[in-house]
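J.: Here's a sequence, model it:
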Amino acid sequence: MDVLHTHCAGLDIHKKTVVATVIVSKERGKPLKATCTFGTMTDDLLALSDWLMSYGITHAAMESTGEYWKPIYDILEDNYEVWLVNAQHIKAVPGRKTDVKDSEWIAELLRYGLIRASFVPPKGQRELRELTRMRSSFVKERASLVNRLQKVLESANVKLASVASDVNGVSGKAILQAMIGGRATPEQMAELAQGRLRGKRELLSRSLHGYVKPHHRFVLSELLLHIDGLDETIARFDEEIREYCRPFEEAIELLDTKIGRAHV
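T.: Numbers count the residues shown, from 1 in each chain. So this is what the prediction gives:
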């Protein structure tokens, strides 16, 4: 079987350690093999990079293990061709011996070209994806809190959600704040409606006739505080994402300009 990569490494990644095996082909005789274990702190990963460089490694492969591969990939990608491989694909390759270390087996598969690399987006795109995913998690958390808020209203037999499409909109917030204050009548709260909801004030007033008790007001107050905090967090994420997208938008505009000039 032909050797495709003469200076390669296999990385077996764990939460606290990275086991690395290098295989370096020689003109004659058996290839050089060496294994070393590193921690996962940043200085440990830099030491791993230096160790690989000392053997002249050009290619390194690792399994896509949870989130643990990401910082290793980030540190190594500038100096090596790093392959992120599917664990199931590695297990599917026949011929593995039970006494072979995982890192050595990965290195052997890479050496002979028996594994294929998964697509890993460029660094900027990975960072943007991480931001958008984190933003999505906060949006889901906010939606969950709004659902809890609606359940509290239902437990007090307040049917605000039946009249207002968004209980946490401008009108809904004003009404809820008045409800938390505990002094406004349903009719007074209905007068706080804005926009199209003002045309439903009579129905809105009826929906606000409930049995709101002190513990309801307390829970509603806490939920609104959490929702407001998440709104501010999501707004900051929006701004950060816009900043990340700006170079892409500028590149697209530049490309469009060049294409337009080419057609003139």
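
J.: wait, Tyr68 sits on Leu45?
T.: No - applying C-beta atoms under 8 Å as the test, Tyr68 and Leu45 come out as separate, 10.9 Å apart. Bear in mind the C-beta positions are built from the backbone N, C-alpha and C, glycine included.

J.: what does the average pLDDT come to for the longest helix along the chain?
T.: Secondary structure assigned by DSSP state H gives helix 214-262 as the longest helix of the chain. Helix 214-262 shows a mean pLDDT of 85.

J.: ok, the closest residue to Ile241 other than its chain neighbours to Arg242 distance?
T.: If the residues on either side of it in the chain are set aside, Ile241 comes closest to Leu131, at 5.4 Å by C-beta to C-beta, 6 or more residues apart in numbering. Using C-beta to C-beta, to the nearest Å, Leu131 is found at 10 Å from Arg242.

J.: what about these two, which has more around it?
T.: Ranked by neighbour count (other C-beta atoms under 10 Å), Leu131 and Arg242 place Leu131 first, with 17 against 10.

J.: SS state for that one?
T.: Going by DSSP: H, G, I helix; E, B strand; the rest coil, the secondary structure assigned to Leu131 is helix.

J.: Going by residue numbers, what spans are strands in the stretch 1-150 of the chain?
T.: 7-13, 17-24, 32-39, 59-63, 81-85 (DSSP state E, counting those that start in this stretch).

J.: May I see the buried residues of the second one?
T.: Which is strand 17-24. Neighbour-count burial for strand 17-24 flags Val18, Val19, Ala20, Thr21, Val22, Ile23, Val24 (criterion: 16 or more other C-beta atoms under 10 Å).

J.: Bridged to the fourth one, which residues?
T.: Beta-bridge pairing of Thr21 under DSSP bridges involves Gly10, Thr35.

J.: so it touches Leu110, yeah?
T.: No - if you go by C-beta under 8 Å, Thr21 and Leu110 don't touch, sitting 10.3 Å apart.

J.: ok, the residue lying farthest from the centre of the chain - contacts?
T.: No residue in the chain sits farther from the centre than Arg28, which is 47.7 Å out by C-alpha atoms, centre = their mean. Going by C-beta atoms under 8 Å, 6 or more residues apart in numbering, Arg28 touches no other residue.

J.: repeat for Val170
T.: Gln194, Gly195.

J.: What distance do you get for it to Ala193?
T.: For Val170 relative to Ala193 (C-beta to C-beta), the value is 9 Å.
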